[in-house]
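Novice: I'll drop the sequence and a predicted model, then ask my questions.
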Amino acid sequence: MDLLSKAALNGAPPEELESLPLPDEFLAGHLRADDAESLADAVDKDVRRTIRVGPVAMPELAPDEVVVAVMASSINYNTVWSAMFEPISTFTTLRRFARQGGYTTRHDLPYQVIGSDASGVVVRAGAGVRHWRPGDHVVVSPAYVDDQDPGSHDDGVMGEHLRAWGYETNFGGLAHYTVVRASQLVAKPPHLTWEEAATITLCAGTAYRMLVSDHGARMKQGDVVLIWGATGGLGAYALQMVRNGGGIAVGVVSSTAKAEVLRQQGCDVVIDRREIGMGDTTDPSADAAELGRRLGRRIRAEIGEDPSIAFDYVGRATFGTSVHVVRRGGTVVTCGSSTGYQHTYDNRYLWMHLKRVIGSHIANLQEQSACLRLFEQGRLVPVVSRVFPLESVADAARLVQENQHIGKVAVRCLAPCDGLGITDPAARARIGEDRLTAWRQYATAPTATGAGR
């Protein structure tokens, strides 16, 4: 460990951090451009074959950027997509990004540092950074916003040049250091550990925009919300938001074990997808309307009405059923397609019943700030189930790729052990250690492979 990272880990003051040199290179989980075709014909596109851990060069710092010493990160499904080089190689995206010129040319390298979550300590701030300084404890939003794009000034993620950091950019969070724009930073909740804080921004922020924000479904008290994959990272945060907001949560999962997790977490209605005959939900020939009728009957038997909102990030396997099952005037909000991007549905159920489909992607900085406030109040808690060291990041990504996880899988980067980073123990005691670590009990819970993450 270099002197700067040791100082950051030990809580050195800003003056000391500024006086220590940045290392010329650092350890990072990364992909190699030479591997982009290696999985093309593979039946099992095992991400352990392409995710490497090794030294990479420290990039030059732009005036509007900061260097963060990364204490922890987490695995998201976009890391799996990156390592599978699907739907396209992210090196193609990096080359396109670099064509903008200026500092973007740094991103076109023969390797890509991956990862779209991070918690850590600011150790350098560019000349144009005003609101952050070395020593600040931060979490990183994955929304890499272009502040010179007109659309960004209406909604930060509506700019034409928005990128998902660590997926569509280089220098991501699964590393000892990351370089991010100052507009990606939010203050770390002081009662959380590094690994807990590192699992929030992508999944919880995305769920907040999908359900709560004016840009999403605008969930109200009493709304019935169907949550596909309700024990995954996105689904687990959505479940908390529905319950906090006075909604009625209907969680769909892929196994008996995951159904039990939902019951323990207070989900109002729990449905194992096999109960309605979904079985392998990756089958594109499944009759979405018939599955919707079965699911609707099951929900009405429990609640007496159809869902107002379907929270769908599973994609091809579930989207047609979501369109069918939401009530007249209801909303399907989608942010991903882990089972496939080509969705089919019967459009009669959309137009004749005045339903809406909302596409949602990441969250803007205001939405991230509002979401983090809920964590600081203790209304939301982390859903970390397992923590891996950076050296085992490929194994952590494989766990998510095979849907053998529950909640969020964190990765320690510079943090040498779990439990570090708490600067407000009184708030942690008030919220309760049992609540904050409740999902750790599922670290070894048996799960079923398949969709519905």
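Specialist: Perfect, thanks for sending it.
Novice: and the gap between the closest residue to Val129 other than its chain neighbours and Glu65?
Specialist: Distances taken as Cβ to Cβ, 6 or more residues apart in numbering place Ala182 nearest to Val129, at 4.5 Å, with adjacent residues excluded. For every residue, glycine as well, the C-beta is placed using N, CA and C. Distance, Ala182 to Glu65, by Cβ to Cβ, to the nearest Å: 7 Å.
Novice: Please apply the same query to Phe91.
Specialist: Per Cβ to Cβ, Phe91 is found 22 Å from Glu65.
Novice: quick one: contacts for Trp228?
Specialist: 235, 252, 310-314, 318, 322, 452 (Cβ atoms under 8 Å, 6 or more residues apart in numbering).
Novice: Check what pLDDT the residue nearest to Val129 gets.
Specialist: pLDDT recorded at Ala182 is 97.
Novice: Report the contact partners of it.
Specialist: 64-66, 125-126, 128-132.
Novice: Over to Leu174?
Specialist: Applying Cβ under 8 Å, 6+ apart to Leu174 gives the contacts 28-29, 73, 79, 113-115, 166, 390, 393, 411, 413.
Novice: thinking again about what came up before, which among the contacts of Ala182 count as buried?
Specialist: Buried by 16 or more other Cβ atoms under 10 Å: 64-66, 125-126, 129, 132, out of these.
Novice: Return the distance of the nearest residue to Ala40 once chain neighbours are set aside relative to Asp34.
Specialist: Once flanking residues are discounted, Ala40 sits nearest to Phe85: 8.0 Å by Cβ to Cβ, 6+ apart. Per Cβ to Cβ, Phe85 is found 12 Å from Asp34.
Novice: wait, Glu367 sits on Arg209?
Specialist: Yes. Between Glu367 and Arg209 there is a contact under Cβ atoms under 8 Å: 5.0 Å.
Novice: Compare neighbour counts for the two and give me the winner.
Specialist: Arg209 (28 against 24; other Cβ atoms under 10 Å).
Novice: mind listing what that one touches?
Specialist: With Cβ under 8 Å, 6+ apart, Arg209 has these contacts: 215-216, 360, 362-364, 367.
Novice: for Glu168, same thing?
Specialist: 90, 93-94, 97, 144.
Novice: Please flag which of those residues sit within strands.
Specialist: Judged by DSSP state E, strands contain the following of the contacts of Glu168: Tyr144.
Novice: out of the contacts of Glu168, who's nearest Pro382?
Specialist: For those, the closest approach to Pro382 (Cβ to Cβ) belongs to Tyr144, at 23.5 Å.
Novice: Give me the distance between that closest one and Arg297.
Specialist: Where Arg297 is concerned, Tyr144 sits at a distance of 44 Å (Cβ to Cβ).
Novice: Look at those two and report which has more neighbours.
Specialist: Tyr144 (24 against 11).
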